[in-house]
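> Coordinates only, no sequence provided:
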């Protein structure tokens, strides 16, 4: 996370109105993975709840925030397209809670971002296509990380060793997100 964004999110007046650091990272990663490049001006407001008026006191504060978000988007997009994307350092598995709070927040952010780009995904990867199965697998995996307790129970009901399967899913997410992003880029270039 850029130091600039971390500093902004430490401002308690702003942090009450903005997504948390890892929700932001997840959301921006979802925007970086989207099949069509979406101008940050179209989605930046979602990071403060979609309100028309930003929570920033000055245009400079808003510009600093937007620049930090675009920096993260650029880094994420490049990493996804080159298969170099990895979980942020604080996003880990946890012995007691299954995943860290940061992992859960990141997954929540990805799911929120996906909702915004959903139409693009469904157009490029229509229902009943192999590509849609890839998209569904990624979304299901991210959803499991957002709600790990129910994920373990569901995996156990399917006869899988819940915790072992869950760890496999967590470790597969980077490759899955990179593969999905790269496939989306291929499809958009060929359309």
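The structure has been received and is ready for your questions. Just so it is clear, the structure is predicted and the values come from calculations on it, not from any experiment. Numbering: from 1, shown residues only.
> Show me what the longest helix along the chain is packed up against.
Ranked by residue count, the top helix of the chain under DSSP state H comes out as helix 162-189. In terms of contacts (3 or more Cβ pairs under 8 Å, 6 or more residues apart in numbering; DSSP states H and E), helix 162-189 is packed against helix 21-33, helix 59-81, strand 98-99, helix 101-124, helix 130-146, helix 148-157. C-betas here are computed from N, CA, C, even on glycine.
> Deepest in the core, which of the ones you listed is it.
Most buried of the helices and strands packed on helix 162-189 by mean neighbour count (mean count of other Cβ atoms under 10 Å) is helix 21-33; its value is a mean of 25.
> which element follows it toward the C-terminus?
helix 40-43 (DSSP states H and E).
> between the helices and strands packed on helix 162-189, which gets the lowest average pLDDT?
Mean pLDDT per stretch puts helix 148-157 lowest among the helices and strands packed on helix 162-189, at a mean of 73.
> next one: it to chain centre, how far?
Relative to the centre of its chain, helix 148-157 is centred 22 Å away, using Cα atoms, centre = their mean, to the nearest Å.
> Run the angle between that helix and helix 162-189 for me.
100 degrees (axes from the mean of the first three to the mean of the last three Cα atoms, to 10 degrees).
> Now do helix 148-157 against helix 101-124: the angle between them, please.
70 degrees.
> list the helices and strands helix 148-157 packs on?
So helix 148-157, by 3+ Cβ pairs under 8 Å, 6+ apart, packs with strand 98-99, helix 130-146, helix 162-189.
> quick one: it to helix 130-146, angle?
Using the same axes, to 10 degrees: helix 148-157 against helix 130-146 is 120 degrees.
> Go ahead and confirm residue 80 touches residue 182.
Yes: counting by Cβ atoms under 8 Å, residue 182 is a contact partner of residue 80 at 7.5 Å.
> Which neighbours do the two have in common?
Counting by Cβ atoms under 8 Å, 6 or more residues apart in numbering, residue 80 and residue 182 have no common neighbour.
> what residues are up against the closest residue to residue 185 other than its chain neighbours?
Excluding the flanking residues, the one nearest residue 185 by Cβ to Cβ, 6 or more residues apart in numbering is residue 81, at 6.7 Å. By Cβ under 8 Å, 6+ apart, the contact set of residue 81 is 178, 181, 182, 185.
> quick revisit: adding distance to residue 105, write the helices and strands packed on helix 148-157 out as a markdown table.
Listed next are those as a markdown table, based on distance: least, Cβ to Cβ, whole Å:
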| stretch | distance to residue 105 |
| --- | --- |
| strand 98-99 | 10 |
| helix 130-146 | 9 |
| helix 162-189 | 14 |
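> Relative to residue 19, which of these is closest?
helix 130-146 (14.1 Å; Cβ to Cβ).
> name the helices or strands packed onto that closest one?
helix 101-124, helix 148-157, helix 162-189.
> any chance of those in CSV, plus distance to residue 57?
Shown next, in CSV, are the helices and strands packed on helix 130-146 (distance: least, Cβ to Cβ, whole Å):
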stretch, distance to residue 57
helix 101-124, 25
helix 148-157, 38
helix 162-189, 35
